[in-house]
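Undergrad: sharing a model prediction with you, sequence too.
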Amino acid sequence: MKRFDNPRIWWLCRCGFAQSQVAYDSVVNDLFGTLNLLEEHLGGSRYLCGDVLTLADICLFTTLIRFNLVYNVLFKCTKKKLLEYPSFYAYTRDIYQIPKVAETYNFEAIMDSHNRESLSSSEKRLEASLQK
């Protein structure tokens, strides 16, 4: 099993709160590098630690479920959307379909909360980093 130093993808917050274009460019590359590593890992493993759902999976899931709605838009993490990662998409869909999980998510509330409370990168006039 590979060791991931940061399974919660803290770079998302660093992208959203970057104070300069240089800082944003650096952390957005770190973020998508980590996403690529996790995508590759999940291509050969049902969950982060094998065949058993763990707290690490729940933490990653809560980040991924918000990715397209919040982080892709507000934090300008736009190199890829979740749908462009086949393993992430399947992983997120699989966990979301576990009984009782879906009813804990209110996507409208997630978007409203982040839109109201976030100091988004768009307020700092940062340019989104697109896939190269």
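TA: Ah, there it is. Numbers count the residues shown, from 1 in each chain.

Undergrad: residue 42 and residue 87 touch, don't they?
TA: Yes. Counting by C-beta atoms under 8 Å, residue 42 does reach residue 87; the two are 3.9 Å apart. Where you see a C-beta, it was placed from the backbone N, CA and C, and this is true even at glycine.

Undergrad: neighbour count for those two, which is higher?
TA: Neighbour count, other C-beta atoms under 10 Å: between residue 42 and residue 87, residue 42 has more, with 21 against 16.

Undergrad: let's verify the residue of the chain positioned farthest from its centre: helix, strand, or coil?
TA: Most distant from the centre of the chain: residue 99, at 22.5 Å, with distances by C-alpha atoms, centre = their mean. Three-state secondary structure (criterion: DSSP: H, G, I helix; E, B strand; the rest coil) places residue 99 in coil.

Undergrad: okay, now residue 108: neighbour count?
TA: Neighbour count of residue 108, defined by other C-beta under 10 Å: 9.
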